[in-house]
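Asker: Model the structure of this input:
(one chain, ligands or ions: 2)
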Amino acid sequence: MKKVILLLSVVLLSGATFGAEVNIVPKPLSVTLREGSFHVTSQTKIDFGKSAELRRSAEIFAEAVAPVVGGVMKSGSQGAISLTVDPSLETEAYTLEVTPERIAIRGGSAQGVFYGLQSLRQMIVDGQGTIPAVSIEDKPYFGYRGGMLDPCRHFWTVDEVKEYIDILAMHKMNRFHWHLTEDQGWRIEIKRYPELTRVGSIRKETLVGQYMHSNEYDKTPYGGYYTQKEIREVVKYAAERFITVIPEIELPGHAVAALASYPWLGCRGEGYEVRTTWGISSEVYCPGKETTFEFLENVLSEVIELFPSKYIHIGGDECPKESWKSCPLCQQRIKDEGLKDEYELQSYTIHRIEKWLRDHGREIIGWDEILEGGVSKTATVMSWRGSSGGIAAAKAGNHVIMTPNTHCYLDYYQTSTPVYEPQGIGGFLPVSRVYALDPYDHLNDTERSYILGVQANLWTEYIATFTHVKHMLLPRLAAVAEVGWSYDRKDFEDFRHRMKSLRKSYDAAGINYATYFFDNLDEVKQEK
Ligand code: ACM
Ligand code: ZN
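Answerer: Ligands and ions are numbered 1, 2, ... in the order given. Coordinates of the predicted model:
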């Protein structure tokens, strides 16, 4: 009762319309309800001033809300919805003012305006066009808010990749990490090395069932790759949604598809085929040969032409050292360079590639294994084997992106009774656990300043359709987005309430998602 009286008096004092609510995910910095409401229809116009960037954002927004407002809103140099860049705000920040007469979005940049439009989109869908008068101030906590997709284990078309990017954008995420090379398939056209896609993009068959338990294969060739033209198209599509695409070119491990294409890249020099099962291969690039570095640098030359991203992800994870131990050229390299062991040979490889990329104006991100054998100060570490690698890196003064498998591996099962889920890789990662991620765990204030942000990872060994991708991604991506955007104002019960509204945006956009969380079934044991 006390709570009700308190709520009533707050509502009356502020003069807000009774019962009005603003439910936005990720949670804004402040929301102040005012009196009255605004009704958006297809006749409402969007004023973008003279900016081509704002015009494109207005068009993207108008398309997204069209099914709810009954048509595509027009935009021009006049309108009840005004979009303005206000450099006094931080780059990604925005304010959103709704009165019964008009709606004004001001962003620190066009990117900030875009985020204001995402909030407005959620409110419009939630209220079927009617939105309460409100003043919103908002800005993200972390600067890096990413989502990774693996098109190597299973391939995703350009349209599917664009839909993944749309989903990131509606959650105010700003990085798309595209994992383009793997043991099971090379997915990026490299003009200088046509065999990478002619041979390396196709595996002769694929394991059926669970790795470790199955030795049945489907006897069906499987492949796909992105042409450079398609990659440019995706990079542009993402940029219009203020998402930077970070390509990952894996080295020195996870390279079997490259070795199958050009066998001289491996220590043994022959007998490789694109991997047909999951797990880790002991066949890796041979860093004993100069020709391997020449190849990698030539590949990266084409990669940096395609991707304007400051960061290039070079992998670095899960690289078994057996082949290097028995390779005379690798052993010679260890001797010549005064390296202690094969771990130092791995860091020699990473450092050399990092130097090449730095000489070409780029920086590297690597999985946390790059810490083993010594890491340069300028490498950014992506912590995936839990948070410990990220914690160690931050303590050493390296930048870190937190994507621990304990919280961010969205290929893990999302219910405690996975018999009701499609086959998956294992694990148990319900929404609440994702939400509980604390990227600052075990770090003091100085160390915290090295944490750039967070990322959701979606590996696809056991995900063969894009419907299944979305089933794994949503709604858990919303929890990662809220850690990234709203770390300083996280509140799980409040999130649960606001998610009912975001769910309507998924429905309006026709995006499928898992319902376990909404039905409160993710954490209860169900009878089989
Ligand atoms: C990874 O999951 N191997 C980065
Ligand atoms: Zn070798």
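
Asker: For this structure, list the residues in contact with ligand 2, please.
Answerer: Within the chain, the positions near ligand 2 by C-beta under 5 Å from the ion are 267, 286, 288, 327, 329-330. Bear in mind the C-beta positions are built from the backbone N, C-alpha and C, glycine included.

Asker: all strands for the stretch 401-528 of the chain, in order.
Answerer: 451-458 (DSSP state E, counting those that start in this stretch).

Asker: Likewise for the stretch 51-200 of the chain?
Answerer: Secondary structure of the stretch 51-200 of the chain (DSSP E, counting those that start in this stretch): strands located at 75-76, 81-85, 94-98, 103-107, 130-138, 144-149, 175-179, 181-182, 185-186.

Asker: picking up where we left off before, dump the residues of the chain next to ligand 2 into JSON lines; add neighbour count as well.
Answerer: Below are these laid out as JSON lines (neighbours: other C-beta atoms under 10 Å):
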{"residue": "Cys267", "neighbour count": "23"}
{"residue": "Cys286", "neighbour count": "24"}
{"residue": "Gly288", "neighbour count": "19"}
{"residue": "Cys327", "neighbour count": "22"}
{"residue": "Leu329", "neighbour count": "16"}
{"residue": "Cys330", "neighbour count": "21"}
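
Asker: now the helices for the stretch 151-300 of the chain?
Answerer: 158-170, 195-198, 228-240, 256-261, 290-306 (DSSP state H, counting those that start in this stretch).

Asker: nearest to ligand 1, of those?
Answerer: helix 256-261 (14.4 Å; C-beta to the nearest ligand atom).

Asker: what's that closest one in contact with?
Answerer: By C-beta atoms under 8 Å, 6 or more residues apart in numbering, the residues outside helix 256-261 that reach it are 152, 181-186, 193, 195-196, 198-201, 203, 265-266, 272-275, 281, 283, 285.

Asker: try 7 Å
Answerer: 181-186, 195-196, 199-200, 265-266, 272-275, 281, 283 (C-beta atoms under 7 Å, 6 or more residues apart in numbering).

Asker: quick one: average confidence on it?
Answerer: For helix 256-261, mean pLDDT is 98.

Asker: For beta bridges, what are the partners of the spatially most central residue of the chain?
Answerer: Geometric centre of the chain, nearest residue: Gly147, 0.7 Å, by C-alpha atoms, centre = their mean. For Gly147, the beta-bridge partners are Phe176, Ala456 (DSSP bridges).

Asker: wait, what's in contact with it?
Answerer: Gly147 neighbours (C-beta under 7 Å, 6+ apart): 168, 173, 176-177, 455-456, 477.

Asker: Quick check on the residues you listed: which are buried?
Answerer: Neighbour counting by 16 or more other C-beta atoms under 10 Å classes 168, 173, 176-177, 455-456, 477 among the contacts of Gly147 as buried.

Asker: Spell out which parts of the stretch 251-400 of the chain neighbour ligand 1.
Answerer: Applying C-beta under 6 Å from any ligand atom, we find that the stretch 251-400 of the chain lies next to ligand 1 at 317-318, 367, 384.

Asker: Can you name the two of these that sit furthest apart?
Answerer: Farthest apart among those by C-beta to C-beta are Glu318 and Trp384. That separation is 10.0 Å.

Asker: more neighbours, these two?
Answerer: Trp384 (24 against 17; other C-beta atoms under 10 Å).

Asker: ok, the more buried one touching His407?
Answerer: No: using C-beta atoms under 7 Å, Trp384 is not in contact with His407, being 10.6 Å away.

Asker: okay if I get the buried ones among the contacts of Gly147 as a markdown table plus pLDDT?
Answerer: Compiled in a markdown table, the buried ones among the contacts of Gly147 are given as follows (pLDDT from 0 to 100):
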| residue | pLDDT |
| --- | --- |
| Leu168 | 99 |
| Met173 | 99 |
| Phe176 | 99 |
| His177 | 99 |
| Gln455 | 99 |
| Ala456 | 98 |
| Leu477 | 99 |
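
Asker: Between all of those, which two are separated the most?
Answerer: Pairwise distances across the buried ones among the contacts of Gly147 (C-beta to C-beta) peak at 13.2 Å, for the pair His177 and Leu477.

Asker: hey, which of the helices of the stretch 151-300 of the chain is tucked in deepest?
Answerer: Highest mean neighbour count among the helices of the stretch 151-300 of the chain (mean count of other C-beta atoms under 10 Å): helix 256-261, with a mean of 27.

Asker: Using PDB, write out every CA atom in that one.
Answerer: C-alpha atoms of helix 256-261 as PDB (Å, rounded to 0.1, in the frame of the first residue of the first chain):
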ATOM      1  CA  VAL A 256      43.000 -26.200 -41.600                       C
ATOM      2  CA  ALA A 257      40.900 -24.700 -44.400                       C
ATOM      3  CA  ALA A 258      43.800 -22.500 -45.400                       C
ATOM      4  CA  LEU A 259      46.200 -25.500 -45.200                       C
ATOM      5  CA  ALA A 260      43.900 -27.600 -47.400                       C
ATOM      6  CA  SER A 261      44.000 -24.700 -49.900                       C
END
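
Asker: i'd like the first residue to be 22 from this point on
Answerer: Fine by me, first position is 22 from now on; the one you just mentioned is helix 277-282.

Asker: just how off-centre is it within its chain?
Answerer: Centre-to-centre, helix 277-282 and its host chain are 26 Å apart (C-alpha atoms, centre = their mean, to the nearest Å).

Asker: before we move on, what about stretch 125-133?
Answerer: Distance of stretch 125-133 from its chain centroid, counting by C-alpha atoms, centre = their mean, is 22 Å.

Asker: Now for Ile333: which residues touch it?
Answerer: 268, 321, 324-325, 378, 383, 385.

Asker: Output these in CSV, with distance to Ser235 appended to each entry.
Answerer: Below are those laid out as CSV (distance: C-beta to C-beta, whole Å):
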residue, distance to Ser235
Pro268, 32
Leu321, 36
Val324, 35
Ile325, 40
Leu378, 39
Arg383, 40
Ile385, 36
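
Asker: which residues sit in contact with the residue lying closest to Pro460 once chain neighbours are set aside?
Answerer: For Pro460, ignoring the flanking residues on the chain, the nearest one in space by C-beta to C-beta, 6 or more residues apart in numbering is Met423 at 4.1 Å. Applying C-beta under 7 Å, 6+ apart to Met423 gives the contacts 404, 408, 411, 460, 472, 475.

Asker: Go again with 10 Å.
Answerer: With contact set as C-beta atoms under 10 Å, 6 or more residues apart in numbering, Met423 has these partners: 163, 165, 402-405, 407-408, 410-412, 415, 429, 458-462, 472-476, 501, 504-505.

Asker: These in helices, which ones?
Answerer: In helices, defined here by DSSP state H, the members of those are 410-412, 415, 429, 501, 504-505.

Asker: Nearest to ligand 2 among these?
Answerer: For the ones in helices among the contacts of Met423, the closest approach to ligand 2 (C-beta to the ion) belongs to Gly410, at 26.0 Å.

Asker: So the residue nearest to the closest one when sequence neighbours are not counted versus Gly274, what's the distance?
Answerer: Take Gly410 and drop its neighbours on the chain: the residue closest to it by C-beta to C-beta, 6+ apart is Asp389, 2.8 Å away. For Asp389, the distance to Gly274 (C-beta to C-beta, to the nearest Å) stands at 14 Å.

Asker: quick revisit: which neighbours do His198 and Leu498 share?
Answerer: 168, 477, 479.

Asker: For the closest residue to Gly206 other than its chain neighbours, grab the count of nearby residues.
Answerer: Using C-beta to C-beta, 6+ apart and skipping the chain neighbours, the partner closest in space to Gly206 is Cys173 (4.6 Å). Neighbourhood size, Cys173 [other C-beta under 10 Å]: 28.
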